[in-house]
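**Q** would you be able to build a 3D model of this:
(2 chains)
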Amino acid sequence: MSRWQRLVRKAGWALFTILFVVILNFFLFRILPGDPARQGVRDPRLTPETVEAIRVRFGLDKPVINCIQTFSPLEFGDCGVNPLEAQFFIYVANLLRGDLGMSFYYNRPVGDILGERLWNTVLLIGAGQILAIFAGALFGLGAAWKARTSIDYSALIAGLVAWSVPTFWLGIILLFWGSNNGFPIGGKETPGMSSYPFMMRMNDFLHHLFLPTVTYTIVFMGEYLLIMRSSLLDVFAEDYILTAKAKGLNTFQILKDHALKNGMLPLVTIIAINLGYTVAGVIQIESVFSWPGLGGALYEAVTRRDFPMLQGGFLLIAVSVIAANFIADLTYAYLDPRVQVE
Amino acid sequence: MTAIAEIKPTAGSSPLLAFWRVLRKNRMAAVGLGMLTVIVLLAVFAPALAPYDPYSSEGLGVADVYQPPDSAHWFGTDDAGKDIFSSFMYGARVSLTVGFFASFISIIIGGLIGLTAGFYGGRTETILMRFTDLMLVIPDLPLIVVIVALTKPSLLNIIFVIGIFGWTTTARIVRSQTLAVKSRKFVLRARGLGAGNAYIIRRHILPLVMPILVVNAVLVVSSAILNESTLSFIGLGDPAAISWGQMLNFAFSRGAMSSGAWWALATPGFGIVWVVLALTLLGQGLEQALNPRLDTHHLMPGRPVIHEEAGAKPIQTDVALEVRNLSIDYIAEGKPPARAVQNVSFTLRQGELMGLVGESGCGKTTLMLSLLRLLPAAGQIVNGSVCYKGKDMTAMSEDELSALRWKIISIVFQGAMNALNPVRTVGDQIAEAIRRHEPNFPREKMTGRVVELLDMVGISADRRGHFPHQYSGGMRQRAMIAMALACNPDVIVADEPTTALDVMIQAQILQLLDNLRKRLGLSVIFVTHDLGVVADLCDKALVMYGGVIAEYADVDTIYNASRHPYTQELLKAFPDLSKPRKKLTSIPGHPPRLDNLPKGCRFAPRCPLVFERCLTEQPALRDLGDDHIVGCHLAENPT
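**A** I've put the predicted structure just below:
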């Protein structure tokens, strides 16, 4: 299979997955008992007319899809309605226009809120991932190279402990320490900073970014260390390492030219597969540090019962993960020449 | 590296017994199980052990809130003035319950999907695995959060939701293991005998899938516990069942941070770390036991060479390679050293082709690797010398030696697929050897040199930029030979270069090696178990058995006047065109295990001519003149 065919097939699969998530996202919120209409507007002071007005405003008076009025409770409806007027197609059409609905809490378009927040999350993940991959790969390399020595055992134990610590708890501990050591307790900037000069704002921002990034780095470094160590141990047992040694290469050359790339391959796969897990970590970190990102949005949506926000947040997170997965897949194909012929 | 495989421990037959053996041997698994037991006991006996009832707030006042640890409250009190230690023990019950039941659901779903996909294959497999991929890519925690937020956050709901989204890894692992087991001989045989699917799954597949499933289950439990604590922390826990995550949620959102009540934050988190770490250690330990590795680690420093006897001075300096009294041990922890090669001597003259013959596990590969001190970490040269032009390579430093590797002796490894790095081009790997040993080699001539080398082995120039997987098996072997020639070595060691190739290609490779030897004046050591090849090509033959020399002589002598029964038996096992009526016989039995060598002659248990002395006394090597050396009691009496 050529590189292009592969690309097209992978892209097709990614699109299919996104479609699945879009459909799932719609029906999940219609089937499960937490129907937005009842959960969002359950204030007993509202008159039936107001409730109905809100339902109309959010489009909840229309049938969910042809033949079905609502899922929960299940009520069958008219099959002859114009499908374009059913909630599902309105939802899809809105999605295509980038309209994710109105936030119950902010009374602003969910898309706008999430759009602002996406970049904060990307920044946090980006900084954390890069540090975690570097540190994890380096320590994993050291551990595997010095297998069965005290270096290896210390790295292994550190990795296992970092892997076992719940992200949010590590965040709490670091926040506890940081708040006593001059670090801000949350958010991305100190209120009232907007009028200060750029450098001071930048400094303030980096101060806010520091603890969330450290939390992220520690948690994922542990995992990457373990993977790198284990994949390198496999590589070191390979015949081509023996060939390299027989060729007279020294340990440094063997590590650099023969072990590192081969050992990184499983790491790339794991990073791709674990992007969902990354998101789990981000939700926890952002809720602990009140970091205004997507994960924090999800957390707030849960605590405020802001269902359009929850729905939009989940969709955006899922789509980002799928897209990132697709990119990781392509990277892997680029790194490993064997992939092309499979 | 068959020699090492021989001293590996054999796997246990009963799963329980195997589990026990793992715990005894693997400290990690044992520590994990110990830690887990402690917390399980705390959880089970919480009502008896807890000093207070965490579900009752009777008699608690404002003064009790966030009290630091003291003798009445070992871990202080929480935001409602309750004893944290008591809540901690009860919290263990919730976390463990969720972990156990949720992972049970995941394991059942994942196990069924994986087993069905792997066993039935075809369209069933495609659909199931596509579905698994789909679920794998959708981030599970956000999905779980959404669903729990839309339903009632009761313990049952939480268990169920975590359970039905945690099966993907299990399904993948079980599927690949099922696939591997399905094509094993005994399964095919059972099918041939007419066994039904249910029977095959129950009797043959499940027992082999189970161990992997158990390891996976341990990890699924830990991720379920982590998921539960995260859910509870973000406020989606069951209000009627206080878990560690909920304790953290209350403490975090109700002022523990500002009141400096670190105990309220540290204690529940410590519980989660403890359980998850215990499970992780147990899982890792079990996994290590299932997939033992580290048997080979080519970058571990080799053991220092020792000389049991004072080194004999090299006798001849005009030969390519002179090996004297070489002995090699394999050292495994808690076992006596196993002697893989004992007292081997031979002389390789310039331009000579020597065959190194013997069955698998006779120490051929070990001997060959020791020439350049490339033994795995367990191997140790314990005596003897390897001299190149009068210089003893066993006495050199690692740096001196690495400058000679490939420069004077290069190796054509068996099974060239794994001997070439899969992610670098063949041409690049050949050039690498030149760059290492001739740092001043002009860059612009490098491509020309690589092309020239490839040409020598019959590979066209445009193939140099290809990766090893784009080559056929025979081409890879030829590329390996080209690489071995890169630095104009004096000696090439070819380690069974033709195994796994078809007969036509074998002949081509052999012909190539022989031509190159004649053209370039190379000395070649040809490791093989094929005496026919030796007869065609070699000048000399060294027959090894159980790590010692059985017989060493020129090829004519080996074929026409061999004195060792092992050589004679080997000859009977190969067809001879000059004696077409000859009946081919194989030697019954196997070479001895290194950790269980016979007391007397190592061949005695299989020797047709065995007599009493062979069982008690190891025969000494006897020089019969004309470089004919035999290690057999029978050779003492001239025939």
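**Q** contacting residues for residue 284?
**A** Going with chain A. A:Pro166, A:Thr167, A:Phe168, A:Gly171, A:Gly295, B:Thr230, B:Phe233, B:Ile234 (Cβ atoms under 8 Å, 6 or more residues apart in numbering or on different chains). Every residue, glycine included, has its C-beta placed from N, CA and C.
**Q** wrong one, chain B
**A** Contacts of B:Gln284 (Cβ under 8 Å, 6+ apart): A:Leu160, B:Met28, B:Ala29, B:Gly32.
**Q** in strands only, show me the contacts of A:Gln284.
**A** Among the contacts of A:Gln284, no member falls in strands (criterion: DSSP state E).
**Q** and the helix of greatest length in chain B, what's buried?
**A** Among all segments of chain B classified by DSSP state H, the helix with the greatest residue count is helix B:84-120. By 16 or more other Cβ atoms under 10 Å in any protein chain shown, the buried positions in helix B:84-120 come out as B:84-99, B:101-107, B:109-111, B:113-119.
**Q** how far away from the center of its chain is it?
**A** Distance, stretch centre to chain centre, for helix B:84-120: 31 Å (Cα atoms, centre = their mean, to the nearest Å).
**Q** could I get the contacting residues of residue 300?
**A** The chain I'm using is chain A. A:Glu300 makes contact with A:Tyr105, A:Asp306, A:Met309 under the criterion Cβ under 8 Å, 6+ apart.
**Q** nope, chain B
**A** Neighbours of B:Met300 in contact, by Cβ under 8 Å, 6+ apart: A:Ala147, A:Arg148, A:Phe236, B:Pro376, B:Ala377.
**Q** with respect to B:Val527, which of the contacts of B:Gln284 is nearest?
**A** Comparing the contacts of B:Gln284 against B:Val527 with Cβ to Cβ picks out B:Met28 as the nearest, at 38.7 Å.
**Q** which ones are touching that closest one?
**A** Applying Cβ under 8 Å, 6+ apart, the residues near B:Met28 are B:Leu281, B:Leu282, B:Gln284, B:Gly285, B:Gln288.
**Q** please, where are all the strands along the chain?
**A** You didn't pick a chain, so chain A it is. Using DSSP E, strands in chain A cover A:68-70, A:75-76.
**Q** meant chain B actually
**A** Secondary structure of chain B, counting by DSSP E: strands at B:321-330, B:338-348, B:353-357, B:379-388, B:391-392, B:409-412, B:491-495, B:523-528, B:540-545, B:548-554, B:622-623, B:629-630.
**Q** format these as JSON lines; extra columns: mean pLDDT.
**A** Formatted as JSON lines, the strands of chain B follow (pLDDT from 0 to 100):
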{"stretch": "strand B:321-330", "mean pLDDT": "91"}
{"stretch": "strand B:338-348", "mean pLDDT": "90"}
{"stretch": "strand B:353-357", "mean pLDDT": "92"}
{"stretch": "strand B:379-388", "mean pLDDT": "90"}
{"stretch": "strand B:391-392", "mean pLDDT": "86"}
{"stretch": "strand B:409-412", "mean pLDDT": "92"}
{"stretch": "strand B:491-495", "mean pLDDT": "91"}
{"stretch": "strand B:523-528", "mean pLDDT": "91"}
{"stretch": "strand B:540-545", "mean pLDDT": "92"}
{"stretch": "strand B:548-554", "mean pLDDT": "92"}
{"stretch": "strand B:622-623", "mean pLDDT": "87"}
{"stretch": "strand B:629-630", "mean pLDDT": "92"}
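**Q** got TSV for those strands, with distance to B:Cys614 and mean neighbour count too?
**A** Below are the strands of chain B laid out as TSV (distance: least, Cβ to Cβ, whole Å; neighbours: other Cβ atoms under 10 Å in any protein chain shown):
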stretch	distance to B:Cys614	mean neighbour count
strand B:321-330	21	22
strand B:338-348	17	22
strand B:353-357	21	26
strand B:379-388	24	22
strand B:391-392	34	17
strand B:409-412	35	27
strand B:491-495	31	24
strand B:523-528	27	25
strand B:540-545	13	25
strand B:548-554	13	24
strand B:622-623	14	13
strand B:629-630	14	22
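**Q** which one of those lies nearest to chain A?
**A** Nearest to chain A among the strands of chain B is strand B:409-412; the distance by Cβ to the nearest Cβ comes to 5.1 Å.
**Q** the closest one near chain A at all?
**A** Yes - judged by Cβ under 8 Å from any Cβ of the partner chain, strand B:409-412 and chain A are in contact via B:Ser410, B:Ile411.
**Q** how about the contacts of B:Met28 in a markdown table, adding pLDDT and distance to A:Pro48?
**A** Converted to a markdown table, the contacts of B:Met28 look like this (pLDDT from 0 to 100; distance: Cβ to Cβ, whole Å):
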| residue | pLDDT | distance to A:Pro48 |
| --- | --- | --- |
| B:Leu281 | 92 | 59 |
| B:Leu282 | 91 | 58 |
| B:Gln284 | 86 | 60 |
| B:Gly285 | 87 | 63 |
| B:Gln288 | 80 | 65 |
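**Q** that older thread, out of the strands of chain B, flag the one nearest B:Gln470.
**A** Closest approach to B:Gln470 among these (Cβ to Cβ): strand B:409-412, 19.8 Å.
**Q** mind saving the C-alpha coords of that closest one as CSV?
**A** Output in CSV follows, covering the C-alpha atoms of strand B:409-412 (Å, rounded to 0.1, in the frame of the first residue of the first chain):
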residue,chain,number,x,y,z
ILE,B,409,37.0,-10.3,12.3
SER,B,410,33.5,-9.7,11.1
ILE,B,411,30.5,-11.8,11.6
VAL,B,412,27.7,-12.9,9.2
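**Q** counting by contacts, list what it packs against.
**A** helix A:239-246, helix B:473-485, strand B:491-495 (3 or more Cβ pairs under 8 Å, 6 or more residues apart in numbering or on different chains; DSSP states H and E).
**Q** for the longest helix of chain B, name the packing helices and strands.
**A** helix B:27-44, helix B:46-49, helix B:122-137, helix B:155-164, helix B:168-182, helix B:206-233, helix B:244-253, helix B:262-290.
**Q** any idea which of these is most buried?
**A** Stretch with highest mean neighbour count among the helices and strands packed on helix B:84-120: helix B:244-253 (a mean of 26; mean count of other Cβ atoms under 10 Å in any protein chain shown).
**Q** would you mind measuring from A:Cys92 to A:Gly313?
**A** Slight slip there: residue A:92 is Val, not Cys. According to Cβ to Cβ, to the nearest Å, A:Val92 and A:Gly313 sit 18 Å apart.
**Q** neighbour count: those two, which is higher?
**A** A:Gly313 (29 against 16; other Cβ atoms under 10 Å in any protein chain shown).
**Q** tell me the pLDDT at the more buried one?
**A** Here the pLDDT value assigned to A:Gly313 is 90.
**Q** cool, B:Val457 as well?
**A** 89.
**Q** returning to that earlier point: I'd like the contacts of A:Gln284 laid out as CSV, including pLDDT and distance to A:Ile271.
**A** Below are those laid out as CSV (pLDDT from 0 to 100; distance: Cβ to Cβ, whole Å):
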residue, pLDDT, distance to A:Ile271
A:Pro166, 93, 21
A:Thr167, 93, 16
A:Phe168, 94, 21
A:Gly171, 94, 21
A:Gly295, 90, 18
B:Thr230, 92, 21
B:Phe233, 92, 25
B:Ile234, 88, 25
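**Q** ok so, going back, could you dump the helices and strands packed on strand B:409-412 into TSV with distance to B:Glu438 added?
**A** Shown next, in TSV, are these (distance: least, Cβ to Cβ, whole Å):
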stretch	distance to B:Glu438
helix A:239-246	17
helix B:473-485	14
strand B:491-495	18
